[in-house]
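Trainee: curious how this folds, go ahead:
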Amino acid sequence: MQTSSSKNCSGANLILPLKNEKILERYDFQSAIVNSWETFRNKINLPDTFLIGQEITPHHSVKDKIDLLAFDPADSSIIVIELKRNKDKLQLLQSISYAAMVATWDNERLIKEIQKDINTDPEELIDLITDNELNSNIKIILIAEIYDPEVIITAEWLGSKYGIDITAFAVSLNKLEKQLFVSVDQRLPLKELSDVYEERGLRRNSKINTNEVTWEEVIPKLQYKFGERA
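Mentor: Numbering: from 1, shown residues only. Next up, the predicted model:
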């Protein structure tokens, strides 16, 4: 997988739906992320995260499988990653149910699920899990081309009201000549309105402070004599 920023290149760079290039959700999209995990984890702002595995069964009572499961050594948390090629309102519900099931795991169960064939250093990963108590808070990452508003609004509400750690990224396929690039753009968390208000307030305050400067302070700094007469 080749990744690029969310900005589109000019010229012959085209943004295409994944299905236009016959990219399948599991066998192409998911495999590409697994095969380029070292690069992709930086795109989702988790540079130190380890990949546990793919297509993992969260509980013996269900047949569904978690697309990708990861481990964040920064806070010893498990990360459920749910992929959709296009959009699906059930994506959020699936990821939450998977998180609830994974939350019952202990260190031994997590180590058992490590797929050594896709890990660059499985022994280091095992040591990190063994030596630390697992965080009870499970992180959720949604990855899709586009999202229904209900998904983002509900995810934001679950995060702000109940502290559930949910992040959503939109991916797009860029084609430049014969090369394909995947762009990653964060859609959640959203920028808080309070941050916008604070920035505007700072700009207003800076203008006020500028107006409070007196001519007695300015005149000695003028380079030309006519400035003082003016």
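
Trainee: separation between the nearest residue to residue 55 once chain neighbours are set aside and residue 81?
Mentor: The spatial neighbour of residue 55 that comes closest, neighbours along the chain excluded (CB to CB, 6 or more residues apart in numbering), is residue 65 at 4.6 Å. All C-beta spots, glycine's among them, are computed from the backbone N, C-alpha and C. Taking CB to CB, to the nearest Å as the measure, residue 65 falls 12 Å from residue 81.

Trainee: so between these two, which is more surrounded?
Mentor: residue 81 (26 against 13; other CB atoms under 10 Å).

Trainee: separation between the most centrally placed residue in the chain and residue 103?
Mentor: By CA atoms, centre = their mean, the chain has its centre lying nearest to residue 44, at 3.6 Å. Distance, residue 44 to residue 103, using CB to CB: 21 Å.

Trainee: again, but for residue 72
Mentor: For residue 72, the distance to residue 103 equals 15 Å [CB to CB].

Trainee: confirm residue 28 sits in a strand?
Mentor: No: applying DSSP: H, G, I helix; E, B strand; the rest coil, one finds residue 28 to be helix, outside a strand.

Trainee: my guess is residue 47 meets residue 38, correct?
Mentor: No: Residue 47 is beyond contact range of residue 38, at 9.2 Å (criterion: CB atoms under 8 Å).

Trainee: contacting residues for residue 84?
Mentor: By CB atoms under 8 Å, 6 or more residues apart in numbering, the residues touching residue 84 are 25, 91, 142-145.

Trainee: what sits against the residue nearest to the centre of the chain?
Mentor: 141, 143, 167, 169, 184 are the contacts of residue 44 under CB under 8 Å, 6+ apart.

Trainee: switch those over to a markdown table; also include distance to residue 155.
Mentor: Conversion of these to a markdown table gives the following (distance: CB to CB, whole Å):
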| residue | distance to residue 155 |
| --- | --- |
| 141 | 11 |
| 143 | 13 |
| 167 | 9 |
| 169 | 12 |
| 184 | 17 |
